[in-house]
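Enquirer: fold the following and give me the result.
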Amino acid sequence: MQIIFGYISSWQVPILKLLRYLKFKVYYLYINTNVNKKERIASDLKNKKIYPLPIELEKEILSEAGFSTLLSDPNEFTYKKNLKLIPDSILEKYSNLFSKDRKCTKKLRLLIQDIIYARQLSISSKLCTWSALYPKEKIFYVSFKFRCFYMSDTGHNIYKIIIPFDLINYFIRIIKIKNIFSFFKKVKTTEKNEQDINKKIFQKFENKNIAYITHKGLLYGSSKDNKLYEKSLYYSSEANSYLHKYNILHLDYSDYASPDKNFCWVCINKIKVSKIKFFFQTLLAGIKTCYLIRSWSTFLGWLILIHQYNTYIKYYEVIKKFKNLKIAIIDYDILCPKTLLLALEMNNIKTVATQERFMHTFCKSYANVTVDTYYVASKFTANFLKRSMYNDIKNLIPVGIHRSDYLSLYQNNNIPKEIFKAKNDGKKILVVLGYDSPLDWFESYTSLHSNWTSQITFLEDIIKLSKTLKDTYIVVRYKSLNWTNNKYFKKILEKINSYENIVISSNFKESFYSYKLCANADLVIAKSTSLADECLSIGIPVLFYDYTHNMKQIFSSTFDYSPSRLMCHDFKDLSEKSKSLLFKNPSELKDEISELNKTIYDLDKRGNIKKKIIGNLETLINSV
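Expert: The predicted structure follows:
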């Protein structure tokens, strides 16, 4: 028997120690406390031979019990849990809370899907992996968090013990008489001031017709000193255009401040609202729908939708104040809150988005899209999504993978300094795209694909590859280099630095720098990433590093590019295919890349993707 704790904090440590003293095998997944205490708790437990769930240390993980459950969910664990919580016959009765004509049932289904998948991503997928590794052992999962009731069931030998102490503490806080009186007193004294502030905001932007719904600002990257690219897809250079960056209304739901004082920018979560009004609206909705509770499962489903309804009505009231809004452009297709999308629909505002990642095409439980108009990567993608029940899209328009425009722009141009000399010397340029690793050892233990051991294996393979490829200069590129400060990687980094034909790219101040590297590469080797798809879509050769020290398949267990030999499952595979693409002409692999552009990346017209999107948007704007 094994006992796995989900989220542990200081008060649970004695429980884990007691169980270990009684000779039980005890593990945990996450340490749920502030950063400073995490290392101390992990070290304390380690001294008692209590470890994070050691997925990293397993010798072999089967592909069907690994990444496929995390992304594609081939057994539809999430959807089955979704239906169990709220069957179709009951879900339809909730629709009138979110829609005037009860036509939002599918959107509600996808909203619930997002919530359950969040638990599968963090918990259920890891338990699925462990269950497959130890199918004959009883595995008890213990959690003190209410949200773990929404975990999908991913293993026949997993037994859940959930004691929601966090919910008890929540109720204790809100039912204190003192808090209730102070709440109403505060609301009464501040409501007039809040109304005055809101009035100024709404008057300032009341004439805006087009909104850009932003996700975590307009920069992709952790900071100004670590920026990967800027988000400017929807901005027109025409000063009089609705889509000019200073004309479009930016509605931010991530509490990010405006990056430019000239932007029309509103943080919608910071707009003051009537808490009393929403409290009673939510209470009434709960009372009206409580008859739909038929069992413990449907009670959990009821709680989800009433909680989401509370968020929805806040968004609805805020959006309603922008009286002239006609179109909302969604920044991140799959991450925009479904409650916000429902509020936009309820206010008769059309929604538009562009496919952010090509790989999302193949995801089931993850990457659900609900918009009116969706610009997608290819005709193949459009047809695939039409057949999928995991999306609710009215109009699919194939345009291409939008950031691939930058690769075309930078090809044989804007050559980065890191490769300039090698390219001038006639060497082949090989760009390697890796994953960042967790900063702490206890987080590395539970990681399926980005743990410390897999990072070492990856870098060792790149070093071996550098010895087999003549006249080739290798640039290893990551999304950040925070992980390189870890002493664990000191030796491997020193080893890399001793080779003249390998460098780890360190320029993170220049936007789109990764694109400039890949645009001028003869070959890209990548762990699965959107940039790899962008490269393939314009014919830049790519090989996928699709294995780790304990997995023979990672992403190809989710989707295999119909199928494709571009996936590499061991070093021999990687070495032989690299030589073929770099030095053989003609190469069967190059022919296969060309074939992909006739199948999964197929388009009637290539290039100028931004121009196509803006052109279609302007037509749409003029029609509403």
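Enquirer: backbone dihedrals for Arg565, please?
Expert: In terms of degrees, to the nearest 10, the main-chain angles of Arg565 are phi -80, psi 10.
Enquirer: 325 is where my numbering starts, stick with that
Expert: Got it, first residue is 325 now, which makes that one Arg889.
Enquirer: what is the burial count for it?
Expert: 14 (other CB atoms under 10 Å). All C-beta atoms are positioned from the backbone trio N, CA, C, and that covers glycine.
Enquirer: so it touches Leu913, yeah?
Expert: Yes: Arg889 is in contact with Leu913 according to CB atoms under 8 Å; the separation is 6.4 Å.
Enquirer: what do those two both touch?
Expert: The contact sets of Arg889 and Leu913 overlap at Lys901 (CB atoms under 8 Å, 6 or more residues apart in numbering).
Enquirer: which stretch of helix or strand covers Ala609?
Expert: Using DSSP states H and E, the element containing Ala609 is helix 599-613.
Enquirer: any chance you could map the helices in the stretch 625-774 of the chain?
Expert: Here the stretch 625-774 of the chain has its helices, by DSSP state H, counting those that start in this stretch, at 662-670, 703-711, 728-734, 741-748, 765-768.
Enquirer: check the stretch 825-948 of the chain too.
Expert: Using DSSP H, counting those that start in this stretch, helices in the stretch 825-948 of the chain cover 837-843, 854-861, 895-907, 912-920, 933-947.
Enquirer: residue boundaries of the helices in the stretch 375-524 of the chain?
Expert: Secondary structure of the stretch 375-524 of the chain (DSSP H, counting those that start in this stretch): helices at 391-394, 401-409, 412-422, 429-443, 449-457, 489-498, 501-529.
Enquirer: measure the nearest residue in space to Tyr734 that is not next to it in sequence to Lys703 for me?
Expert: Closest residue to Tyr734 apart from its sequence neighbours, by CB to CB, 6 or more residues apart in numbering: Ala843 at 3.7 Å. Between Ala843 and Lys703 the distance is 25 Å, computed by CB to CB, to the nearest Å.
Enquirer: look at those two and report which has more neighbours.
Expert: Ala843 (26 against 16).
Enquirer: how close does the more buried one sit to Gly863?
Expert: On the measure of CB to CB, Ala843 and Gly863 end up 11 Å apart.
Enquirer: with Ile753 instead?
Expert: Ile753 sits at a distance of 15 Å from Gly863 (criterion: CB to CB).
Enquirer: more crowded one of these two?
Expert: Ile753 (22 against 17).
Enquirer: looking at Ser396 now. What's its pLDDT?
Expert: Among the per-residue scores, Ser396 shows a pLDDT of 78.
Enquirer: the closest residue to it other than its chain neighbours: neighbouring residues, count only.
Expert: Among residues not flanking Ser396 along the chain, Thr882 sits closest, at 4.1 Å (CB to CB, 6+ apart). Neighbour count of Thr882, defined by other CB under 10 Å: 23.
Enquirer: so Thr882 sits against Ser392, correct?
Expert: Yes: with contacts counted by CB under 8 Å, Thr882 reaches Ser392, the gap being 5.3 Å.
Enquirer: and the residue nearest to Ser396, its phi and psi?
Expert: Dihedral angles (degrees, to the nearest 10) for Thr882: phi -100, psi -50.
Enquirer: distance of it from Cys660?
Expert: The gap separating Thr882 from Cys660 is 23 Å, by CB to CB.
Enquirer: ok, now Thr675?
Expert: Relative to Cys660, Thr675 is positioned 9 Å away (CB to CB).
Enquirer: what sits in contact with each of the two?
Expert: Among the neighbours of Thr675, those also in contact with Cys660 (CB under 8 Å, 6+ apart) are Ile654.
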